[in-house]
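Student: Please find the sequence and the predicted model below.
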Amino acid sequence: MATQKGKGVVFGVTSTGFAFGATASGASALGIEPNSQTVRQEAEITRFKDADGDDVGAVVYNQTKRLTLNAYPSGTTLAAANTANNLPTPGQACVITDGTDSEVAGNWMVESCEKAKSNTEITTFTLELVNAATGSGYHDDA
């Protein structure tokens with residue numbers, strides 16, 4: 001655990017739970033340990049112009065949040081880590097627990113994922129998740 005001295009800063013990844021499944025209530029926890037994450041806010045923007053071609057306004061819509069999560073599969077035993085070594089499926093719901101970062105906590109959908117293996121490193125996952133920036137985000141199937 002890190003010890004801070006001097007000015008306080010936000011340090012480390014604070015997400016503690018990742019449940020993947022068709023529904024939040026029926027989801028299974030995936031034994032992964034996050035080691036980095038990046039949150040992006042995105043939107044589609046349609047600009048409109050005056051007679052001179054200068055922008056005079058815009059319509060902002062389809063606001064979304066995207067999360068890139070880098071993690072590694074783990075467990076309390078080697079057998080548990082091997083069980084966690086399966087990627088979630090694109091389209092699956094993902095509920096993230098994070099008591100510190102409200103931009104990360106909540107309902108997400110797996111958009112893409114990849115696994116990297118090497119004979120000199122641990123196995124790592126890169127998960128791309130998406131969430132509607134407005135409303136409750138992705139959750140149980142409709």
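Tutor: Right, received. Where do you want to start?
Student: Look up how far residue 46 lies from residue 91.
Tutor: Using Cβ to Cβ, to the nearest Å, residue 91 is found at 28 Å from residue 46. Every residue, glycine included, has its C-beta placed from N, CA and C.
Student: What of residue 38?
Tutor: Distance from residue 38 to residue 46, counting by Cβ to Cβ: 26 Å.
Student: On the pLDDT front, check residue 22 for me.
Tutor: The model reports residue 22 with a pLDDT of 46.
Student: got it, and the one 5 residues further on?
Tutor: pLDDT recorded at residue 27 is 46.
Student: And the one 10 residues further on, by the same measure?
Tutor: As summarised for this prediction, residue 37 has a pLDDT of 91.
Student: Could you do residue 121 as well?
Tutor: Residue 121 is given a pLDDT of 92.
Student: Next: residue 2.
Tutor: For residue 2, the pLDDT comes out at 68.
Student: can you check residue 141 too?
Tutor: Reported pLDDT for residue 141: 50.
Student: next one: residue 87
Tutor: Value for residue 87, per-residue pLDDT: 86.
Student: burial measure for it, as a count.
Tutor: The tally of other residues near residue 87 (other Cβ atoms under 10 Å) stands at 17.
Student: Now for it: which residues touch it?
Tutor: Residue 87 sits next to 113-115, 125, 127 when contact means Cβ atoms under 8 Å, 6 or more residues apart in numbering.
Student: and with 10 Å instead?
Tutor: Residues in contact with residue 87 (Cβ atoms under 10 Å, 6 or more residues apart in numbering) are 20, 30, 73, 110, 112-115, 125-127.
Student: all helices for this structure, in order.
Tutor: 78-83 (DSSP state H).
Student: who's in contact with the most centrally placed residue in the chain?
Tutor: Per Cα atoms, centre = their mean, the C-alpha nearest to the average position across the chain is that of residue 67, at 3.7 Å. Contact analysis of residue 67 by Cβ under 10 Å, 6+ apart lists 15, 37-40, 94, 96, 103-104, 106, 108, 111, 127-131.
Student: Check residue 72 too.
Tutor: 31-35, 81, 84-85, 115-116, 121-125 are the contacts of residue 72 under Cβ under 10 Å, 6+ apart.
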